[in-house]
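[1] just coords:
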DNA sequence: CGGGGGCTTGAGGCCACTCAACGATAGTGG
DNA sequence: CCACTATCGTTGAGTGGCCTCAAGCCCCCG
C-alpha cells in the first residue's frame, strides 16, 4: 500500500505550519511521508480516520459511491491541500491517488492533543472545515442548477485558479474524473471541451489532451452561470 | 421586517445551551427573540453575518440564486436547528421564513468573545460546522448522481427523521421549495410523489397535500439509492 | 362566493445519457 | 526499437428522463 515510508521529520513540514505551527508545534508533532502509486487507495469511506494528509506532489480524488457504481467526486486535492481531516471518527469519502502522489501526514490523535492546548491550532481546524464547507456549498449550486456547459466552464476556472502556471494547466485527472466531479458523463465533458475549443476559448497543447491553455478567461467566465 | 422583538432573556435559552452553556455562559450572552412572517427575508447572501439564529417554531430555507433566477436551496432549518453561523464575515446564503417563524438569536460577536475563553464553546462551533459539512457532502451525492425518484425518496426519509410525529409529517415547504432543494422541477416532485402514492408507500392526510403519512419506510428506502 | 395560488396531470420538446465506432496515446513485451 | 494492446478521448446516432408549457382542479382566504 505504501510505496515509501519515512518517519523522519521532513525539511519542509508544511502540514505543521498549516495548522499554525508556533515552532514548538513541530517539536511535538511527528510527521511522516508516504507515496502512493496512481489509482491506489489512500483510505476508504467509513474507515477509521487516524491520519491527516497534505498533498506534496500529485493529485487526489475524494468520492462517494452508490451501490450500483455511480460515483460522485466531492473534491480534488492538489499540492498544498490538506485532506482526510475529519471531526467524526471515520472518513466520509474514499480517497485515491489520481497520479503518483506523495503526501505528508500526521496522526490525527496527535493533532487533537495539540489543539486542546493551542487555541490557534484549534482555530485553524475550524477554518479548514469552513473552507471545505464553502466549497461544498458552491458545488451544490453547480450540481443542482447549472447546465453541462456551465459546469465545465466553472471547473476550468476553478482548476485555472488552483494549478495554472503561465496560462497553461496540466490536468492530472481523466475525463471520467471530471465527469464524476461535475455530475455529468464523460462524453458530455468531452463535447463541452470541444465546443469551447471551437469557440476559441481554450486550446490543447501538443498532442496531450490534458494540457489545456485558457486563451480567454473573460470569455470563459461568460459560459459559466453568474451568481 | 421584525414582527416582534423581545430583548429579555427567554425562559428557554436553547441557543445558549446548544453552544455548551456552563451556566456562566447564559449570564454573559444576551439573546433576543424575533418573529418573521411567511416568505420574509431573515438575511441575504453577502450580508454581514452579525447574528446567529435558532429556529424555535416554523421553518427556514437557505438558498443561493443565479443571476437568471435559478435557485438552489442548500438546507431547510427546522425547530431546534442553528443557522446563520458563519466563520467568514458574510452570510453565504439567503435565509427566508417558509412559514411564520420565531427564532432566538445572539450576537455573533458575543459568541466569538465567549468562544475565545471557553474551549467547550469553541469545540461546539466546530462540531456544528462539521454537521453542516456532512449534510452538504451527502447532498452533493444526491444532486450529482441520484435520479428524480431517488431524490424525492431521500427527501421524504430525511424529513421523516427530522419532523415526523407518530408517522405523520406536515411539510412546511411547498413543492417549489422541495424542487429547488432537490435540483429538479416542481412538476417532477409532484409526479414522484404521485408515483409513490400509487405504489402504496405514502398517503396524503385529509385534503391537505402537505400532510403526508409514510406507510412503509422500508419500502420507501428501496426507492432511494443505496450508498 | 369569487379570486388567486398551489398542486396535479398531460403533451411535446430538448438536453444529456447510452451505445457504438474510431483515432490517438502510452505502456508492454518480444 | 517496434509491434501489440489497453486505455483514453472524441465524435456520431439514437434514446430517454426530465423540463417546458399548458390546462384544470382544489383549497385557502379574503
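    Looks like it came in fine. Small disclaimer: the values here were computed from a predicted structure and weren't measured. Residues are numbered from 1 along each chain as shown, chains lettered A, B, ... in the order given.
[2] and stretch A:125-142, what's its mean pLDDT?
    For stretch A:125-142, the mean pLDDT works out to 96.
[3] can you pull out the low-pLDDT segments for chain A?
    A:1-18, A:20-28, A:206-208 (pLDDT under 70).
[4] can you map out the strands along it?
    Assigned by DSSP state E, the strands in chain A fall at A:5-6, A:31-36, A:41-43, A:51-57, A:60-65, A:71-77, A:82-83, A:94-97, A:101-107, A:168-170, A:202-204, A:211-214.
[5] give the pairing partners of the last one; include direction for each.
    In other words, strand A:211-214. Sheet pairing for strand A:211-214, assigned by DSSP bridges, gives strand A:168-170 (antiparallel), strand A:202-204 (antiparallel).
[6] put together JSON lines for these, with mean neighbour count and distance to DNA strand D on each row.
    Every residue, glycine included, has its C-beta placed from N, CA and C. Formatted as JSON lines, the strands paired with strand A:211-214 follow (neighbours: other Cβ atoms under 10 Å in any protein chain shown; distance: least, Cβ to the nearest atom of the strand, whole Å):
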{"stretch": "strand A:168-170", "mean neighbour count": "16", "distance to DNA strand D": "11"}
{"stretch": "strand A:202-204", "mean neighbour count": "16", "distance to DNA strand D": "7"}
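[7] right, so of those, which gets closest to residue B:159?
    strand A:168-170 (42.1 Å; Cβ to Cβ).
[8] ok so, going back, just put the strands paired with strand A:211-214 in a markdown table and tack on distance to residue B:143.
    Shown next, in a markdown table, are the strands paired with strand A:211-214 (distance: least, Cβ to Cβ, whole Å):
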| stretch | distance to residue B:143 |
| --- | --- |
| strand A:168-170 | 26 |
| strand A:202-204 | 26 |
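[9] now those in a markdown table, with distance to DNA strand C?
    Shown next, in a markdown table, are the strands paired with strand A:211-214 (distance: least, Cβ to the nearest atom of the strand, whole Å):
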| stretch | distance to DNA strand C |
| --- | --- |
| strand A:168-170 | 11 |
| strand A:202-204 | 9 |
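[10] go through the strands of chain A and name the closest to residue A:181.
    strand A:71-77 (4.1 Å).
[11] write out the residues of chain A neighbouring DNA strand D.
    Contact residues (Cβ under 7 Å from any atom of the strand) of chain A with DNA strand D: A:174-176, A:186-187, A:189-191, A:193-194, A:204, A:209-210.
[12] among these, name the buried ones.
    Among the residues of chain A next to DNA strand D, those buried by neighbour count (16 or more other Cβ atoms under 10 Å in any protein chain shown) are A:175, A:189, A:193.
[13] before we move on, back to that, residue B:37: which of the strands of chain A is closest?
    That would be, of the strands of chain A and by Cβ to Cβ, strand A:71-77, which comes in at 37.2 Å.
[14] which helices and strands does the closest one pack with?
    If you count contacts as 3 or more Cβ pairs under 8 Å, 6 or more residues apart in numbering or on different chains; DSSP states H and E, strand A:71-77 packs onto strand A:60-65, helix A:119-145, helix A:175-182, helix B:119-145.
[15] thinking again about what came up before, of the buried ones among the residues of chain A next to DNA strand D, which are in range of DNA strand C?
    Among those, not one lies near DNA strand C by Cβ under 7 Å from any atom of the strand.
[16] going by distance to DNA strand D, which of those wins?
    Nearest to DNA strand D among these, counting by Cβ to the nearest atom of the strand, is residue A:175 at 3.5 Å.
[17] mind listing what the most centrally placed residue in chain A touches?
    Centrality entry for chain A: nearest residue to the mean C-alpha point is residue A:77, 1.7 Å, by Cα atoms, centre = their mean. By Cβ atoms under 8 Å, 6 or more residues apart in numbering or on different chains, residue A:77 lies in contact with A:53, A:55, A:59-62, A:83, A:95.
[18] so which residues on chain A come close to DNA strand C?
    Taking Cβ under 7 Å from any atom of the strand as the measure of proximity, chain A contacts DNA strand C at A:147-149, A:183-185, A:187-188, A:207-209.
[19] for residue A:205, which non-adjacent residue is closest in space?
    Computed as Cβ to Cβ, 6 or more residues apart in numbering or on different chains, the closest residue to residue A:205 that is not its neighbour in sequence is residue A:211, at 3.9 Å.
[20] so what's the residue count around that neighbour?
    Neighbourhood size, residue A:211 [other Cβ atoms under 10 Å in any protein chain shown]: 14.
[21] pull out the buried positions in stretch A:94-109.
    For stretch A:94-109, a neighbour-count test (16+ other Cβ under 10 Å) marks A:94-106, A:108 as buried.
[22] can you redo those as a markdown table with distance to chain B?
    Output for the buried residues of stretch A:94-109, formatted as a markdown table (distance: Cβ to the nearest Cβ, whole Å):
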| residue | distance to chain B |
| --- | --- |
| A:94 | 12 |
| A:95 | 13 |
| A:96 | 17 |
| A:97 | 21 |
| A:98 | 18 |
| A:99 | 23 |
| A:100 | 27 |
| A:101 | 22 |
| A:102 | 26 |
| A:103 | 21 |
| A:104 | 23 |
| A:105 | 20 |
| A:106 | 18 |
| A:108 | 14 |
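[23] would you mind naming the residues that bridge with the residue nearest to the centre of chain A?
    residue A:60.
[24] distance of it from DNA strand D?
    Between residue A:77 and DNA strand D the computed distance is 18 Å (Cβ to the nearest atom of the strand, to the nearest Å).
[25] what do you get for residue A:224?
    In terms of Cβ to the nearest atom of the strand, residue A:224 sits 18 Å off from DNA strand D.
[26] who's in contact with that residue?
    With contact set as Cβ under 8 Å, 6+ apart, residue A:224 has these partners: A:146, A:150, A:153-154, A:157.
[27] try it again at 10 Å.
    Neighbour list for residue A:224: A:142, A:146-147, A:149-158, B:66 [criterion: Cβ atoms under 10 Å, 6 or more residues apart in numbering or on different chains].
[28] then residue A:145?
    Shown in contact with residue A:145 (Cβ under 10 Å, 6+ apart): A:151, A:225, B:64-66, B:68, B:70-72, B:143, B:180, B:183.
[29] do residue A:219 as well
    Counting by Cβ under 10 Å, 6+ apart, residue A:219 touches A:153, A:196, A:199-202.
[30] related to what we said a few turns ago, list just the nearest of the buried residues of stretch A:94-109 to residue A:220.
    residue A:98 (23.1 Å).
[31] any chance of the backbone angles for the residue lying closest to the closest one once chain neighbours are set aside?
    Distances taken as Cβ to Cβ, 6+ apart put residue A:59 closest to residue A:98, at 4.3 Å, once the chain neighbours are dropped. Phi and psi for residue A:59, reported as degrees, to the nearest 10, are phi -160, psi 150.
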